[in-house]
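A.B. asks: What would the 3D arrangement of this be:
(chains A and B)
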2 protein chains.
Amino acid sequence: MRIEIINTGSELMLGRVLNTHQQWLCRQLADRGYTVNRQVAIDDSAPAIEGAVREALARAELIVVTGGLGPTSDDRTRDLIAALLGRKLGEDPAVVAHIEGFFAARKRPMPASTRIQAMVPEGASVLMNAHGTAPGLVMEPAGGKNAACRLLVMLPGPPRELRPMFTEQVVPILRERFPLPAPFVCRTLKTSGMGESQVEEKIAGPLRALTDAGMDLGYCARIGEVDVRFVTRGTDAQKNVAEAERIVREILGPLVFAADDEQLEETIVKLLTNRKQTIALAESCTGGAIADRLTNVPGASAVFLAGLVTYSNEAKQKFLGVRSETLAQHGAVSEATVREMAEGARDATGADYAISVTGIAGPGGGTPEKPVGTVWIGVASASGTIAQRRFNAFDRETFKNVTSQHALDMLRRQILGIS
Amino acid sequence: MRIEIINTGSELMLGRVLNTHQQWLCRQLADRGYTVNRQVAIDDSAPAIEGAVREALARAELIVVTGGLGPTSDDRTRDLIAALLGRKLGEDPAVVAHIEGFFAARKRPMPASTRIQAMVPEGASVLMNAHGTAPGLVMEPAGGKNAACRLLVMLPGPPRELRPMFTEQVVPILRERFPLPAPFVCRTLKTSGMGESQVEEKIAGPLRALTDAGMDLGYCARIGEVDVRFVTRGTDAQKNVAEAERIVREILGPLVFAADDEQLEETIVKLLTNRKQTIALAESCTGGAIADRLTNVPGASAVFLAGLVTYSNEAKQKFLGVRSETLAQHGAVSEATVREMAEGARDATGADYAISVTGIAGPGGGTPEKPVGTVWIGVASASGTIAQRRFNAFDRETFKNVTSQHALDMLRRQILGIS
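C.D. replies: Residues are numbered from 1 along each chain as shown, chains lettered A, B, ... in the order given. Presented below is the predicted three-dimensional model:
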């Protein structure tokens, strides 16, 4: 089965917006056993849209088109596709009512222009938009020179409208219209503390029987983590993936920190919540990036007490009690300082754990002894304080990402008692 | 002139990685007067790459292909394109030397597999990779059924290798090979405090003479800001864009906060640096997001003293001196609390300005009186403290983005004395 995604929008071609639809839709489909073969982005012009859709109609069984369903003059997708498929447009009273209700609920007048979004091509099914006004549309192109295409789905551009519409309304249609030939199971285990080749070296052999029997095994190296992905098909799919997971967890133990979409910050919040423990942060060079990640997790307030972003030496002294002699003797980027920062944050907040980070993010501030990228990370707890030196020589934002990943993983290991 | 981008990589089709190349390359090209017509992403397989490249060769004058130049078995781009264009591959001693030097500088042994990256198609120019081992390649397909294509550029996949290679090496080639028919000038002004339609209403009329004379005028609504983009061509391009900028700045005044790529946090750091003033933060619901943004700006340490992420009530009292009566009487999300937070952060750090934020990010924690999305923002300075209530009912991460944008803009207005 061939699947193509078409993203429309002149802003895409001008590089004004980032196309997050590609990754999101590809991932949603892949994890359900449907692999996308091609994604195309084009501008809003009629020739560009017609050209891309016409080619896909002749080639792909499923086409997903995003954008161009709104009320403005550059929203042309609906009209152009209806014309390409030879369907007339008619106003759908249910959609009109939905749009009216949308504005009424917000106590705002309904702009006349929005009514055009109720125009539905003959024979199309409507996907109501729970978070906006433009409905999605599902069409079944019928034979002829469009013989390849069995289903064409149009989705509105804004991600917060597109995403729930896809998972709640499109996925069930796909499952019905394109049943998988055999059960499909996909599972990702996330690991930390080893490189991609080390992970492969440890697990590829023990998984050989399963991969020989048809299981796909993939690796993906990310910042501070390596993902291991299993995909199996067939009647034993569930059993085989479970067996693969058992083998990997047995070999790697607590190096596996999460599965599927879980982020490391979610793992931390879960671990602490289950243990009814709390965390405080003392960040210098990461500048609040760790606090930001932890507080992205719903429910973080149950475990996260405070984050002290102590950029200046005075702030390190005042809020964390770092001693001026320590700063004078060892400098702000040193093991002695990072230890006092962690212990100071723990004492000041009464948290069970405190993470501290101090380093040189760059581009300025490096010295021959402490070049840009040098960073000390500390974790204080009832069992004492540990500190590690790392060298993360990247651009400023990557430095913050990598360092926050290292710090959160150090905390995770400390919580679990992994050396 | 027709331009197409082809991104290769099975991870793209599985949704394992986000394709940032599209936006970055499209933006780089558009801002220099070259508009991309189509972007295609496909997997690593030979039929997918051959199909996409063959179609583009027949259609586009410039093709940029990313990925698939590395040393592993799924890096097939170089070989497949050489075959498509009928060129033999030969080892380039300069590339071998570069790869050897790359590993020598890092005191790591050179894996034998990396040597394949020195294979260069006959007639191709090599773009040395300052940040990795795989060189970029520039080819000139010659006539025949590939008549459309005059230049095909292959770039390595990692962004930190691709980006400098493109700006430093590819752009000069494009300028030489595809000189613009007329001077091209592009300028973006970033505004805050008004919606897209309000901005358009104010400036479209006064800019009419310029747009009638051929200037493109575009709007792009983002979180808490609206971008206005002018594009002109011709001998008067520079003069016309300057005139458009003058008109917009005269009408909107300090609502224009930056130009081109500058972010609001950069504007703030610049403003404070020029005035030799300092800033402290007291964040609750934004959880460090504002500190994170400010510290993404190189040189932030000159103006940013400390950020206190006071998630718990105890932390608000201890670090900011918020009174327990205030919390008991008005609650943590209230004007009284946000004022005490800002003043407390300013007092505790001695900063010239302090921003405070307290609100309900959700999904839990809302009440009928203070629903999810309710947020108070305060700014304290020598001239007193101001506080505003906002209602940012979004998912958690969008809530943090929007609220941090509001808070930074409130600070900007306070610094500049804009009411």
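A.B. asks: And whatever residue of the stretch 101-250 of chain A ends up closest to chain B, what's its pLDDT?
C.D. replies: Using CB to the nearest CB, the closest approach of the stretch 101-250 of chain A to chain B is made by residue A:220 at 5.1 Å. To be clear about C-beta, it is placed using only N, CA and C from the backbone, and glycine gets the same treatment. Residue A:220 carries a pLDDT value of 81.
A.B. asks: Check residue A:146 too.
C.D. replies: Reported pLDDT for residue A:146: 58.
A.B. asks: on that earlier part again, in which helix or strand does the nearest residue to the residue of the stretch 101-250 of chain A closest to chain B once chain neighbours are set aside reside?
C.D. replies: In this structure, residue A:220 finds its nearest non-sequential neighbour in residue A:227, 4.3 Å apart by CB to CB, 6 or more residues apart in numbering or on different chains. For residue A:227, the element it lies in under DSSP states H and E is strand A:225-233.
A.B. asks: Let me know the helix or strand that the residue lying farthest from the centre of chain A is in.
C.D. replies: Distance from the C-alpha centroid of chain A peaks at residue A:325, with 43.8 Å (CA atoms, centre = their mean). Following DSSP H and E, the helix or strand that holds residue A:325 is helix A:324-330.
A.B. asks: now stretch A:87-94: how far from the chain's centre is it?
C.D. replies: Centroid separation for stretch A:87-94 versus its chain: 36 Å, with CA atoms, centre = their mean, to the nearest Å.
A.B. asks: For it, which residues meet the burial criterion?
C.D. replies: Under the neighbour-count criterion of 16 or more other CB atoms under 10 Å in any protein chain shown, stretch A:87-94 has A:87, A:89, A:92 buried.
A.B. asks: what's the closest of these to chain B?
C.D. replies: Nearest to chain B out of these is residue A:87 (CB to the nearest CB; 25.6 Å).
A.B. asks: Quick check on residue A:38: phi, psi?
C.D. replies: When quoted as degrees, to the nearest 10, the phi and psi of residue A:38 stand at phi -160, psi 140.
A.B. asks: From residue B:103, how far off is the residue nearest to it when sequence neighbours are not counted?
C.D. replies: Computed as CB to CB, 6+ apart, the closest residue to residue A:38 that is not its neighbour in sequence is residue A:4, at 4.7 Å. Noted for residue A:4: a distance of 41 Å to residue B:103, by CB to CB, to the nearest Å.
A.B. asks: Which of the buried residues of stretch A:87-94 fall in helices?
C.D. replies: Within these, no residue falls in helices by DSSP state H.
A.B. asks: what's the span of stretch A:323-342, first residue to last?
C.D. replies: 13 Å (CA to CA, to the nearest Å).
A.B. asks: about what we covered before: which of residue A:4 and residue B:103 has more neighbours?
C.D. replies: Applying other CB atoms under 10 Å in any protein chain shown to residue A:4 and residue B:103 shows that residue A:4 carries more neighbours, namely 25 against 14.
A.B. asks: residues from the stretch 51-200 of chain A in reach of chain B?
C.D. replies: A:52, A:160 (CB under 8 Å from any CB of the partner chain).
A.B. asks: Give me the residue ranges of the stretch 51-200 of chain A where confidence is low.
C.D. replies: Residue ranges of the stretch 51-200 of chain A with pLDDT under 70: A:143-146.
A.B. asks: ranges for the strands of it?
C.D. replies: For the stretch 51-200 of chain A, the strands defined by DSSP state E, counting those that start in this stretch cover A:62-66, A:89-91, A:119-121, A:125-127, A:136-139, A:151-155, A:184-191.
A.B. asks: ok, now the stretch 301-419 of chain A?
C.D. replies: Counting by DSSP E, counting those that start in this stretch, the stretch 301-419 of chain A has strands at residues A:304-310, A:353-359, A:374-381, A:384-391.
A.B. asks: Ok, which of these comes nearest chain B?
C.D. replies: Nearest to chain B, of all these, is strand A:304-310, at 3.5 Å by CB to the nearest CB.
A.B. asks: Who are the packing partners of the closest one?
C.D. replies: strand A:279-283, helix A:289-294, helix A:313-320, helix A:335-349, strand B:304-310, helix B:313-320 (3 or more CB pairs under 8 Å, 6 or more residues apart in numbering or on different chains; DSSP states H and E).
A.B. asks: Tell me the strands beside the shortest one, with direction?
C.D. replies: Taking DSSP bridges as the criterion, strand A:279-283 sits next to strand A:304-310 (parallel), strand A:353-359 (parallel) in its sheet.
A.B. asks: How about residue A:81: what's its closest non-neighbour residue?
C.D. replies: Leaving aside its sequence neighbours, residue A:81 sits nearest to residue A:53 (CB to CB, 6+ apart; 6.0 Å).
A.B. asks: The stretch 151-300 of chain A: helices as residue ranges?
C.D. replies: Assigned by DSSP state H, counting those that start in this stretch, the stretch 151-300 of chain A shows helices spanning A:159-165, A:171-177, A:196-203, A:208-212, A:237-252, A:264-275, A:289-294.
A.B. asks: for the stretch 1-150 of chain A, same thing?
C.D. replies: In the stretch 1-150 of chain A, the helices defined using DSSP H, counting those that start in this stretch lie at A:10-13, A:21-30, A:46-57, A:77-84, A:93-105.
A.B. asks: Among those, which comes closest to residue B:150?
C.D. replies: helix A:10-13 (20.0 Å; CB to CB).
A.B. asks: ok, and what's touching the closest one?
C.D. replies: Contact with helix A:10-13 is made by A:17, A:19, A:41-45, A:74, B:22-23, B:26, B:30, B:35-39, B:220, as judged by CB atoms under 8 Å, 6 or more residues apart in numbering or on different chains.
A.B. asks: next one: stretch A:15-24
C.D. replies: So stretch A:15-24 is contacted by A:5, A:7, A:9, A:11-12, A:39, A:41, A:66, A:157, A:159, A:162-163, B:12, B:15, B:17-20, B:22-31, B:36, B:41, B:220, B:227, B:229 (CB under 8 Å, 6+ apart).
A.B. asks: Just the buried residues of the residues you listed.
C.D. replies: Those of the contacts of stretch A:15-24 that meet the buried threshold are A:5, A:7, A:9, A:11-12, A:39, A:41, A:66, A:157, A:162-163, B:12, B:15, B:17-19, B:22-31, B:36, B:41, B:220, B:227, B:229, by 16+ other CB under 10 Å.
A.B. asks: Have a look at chain A and report its longest helix.
C.D. replies: For chain A, the helix with the greatest residue count under DSSP H is helix A:396-416.
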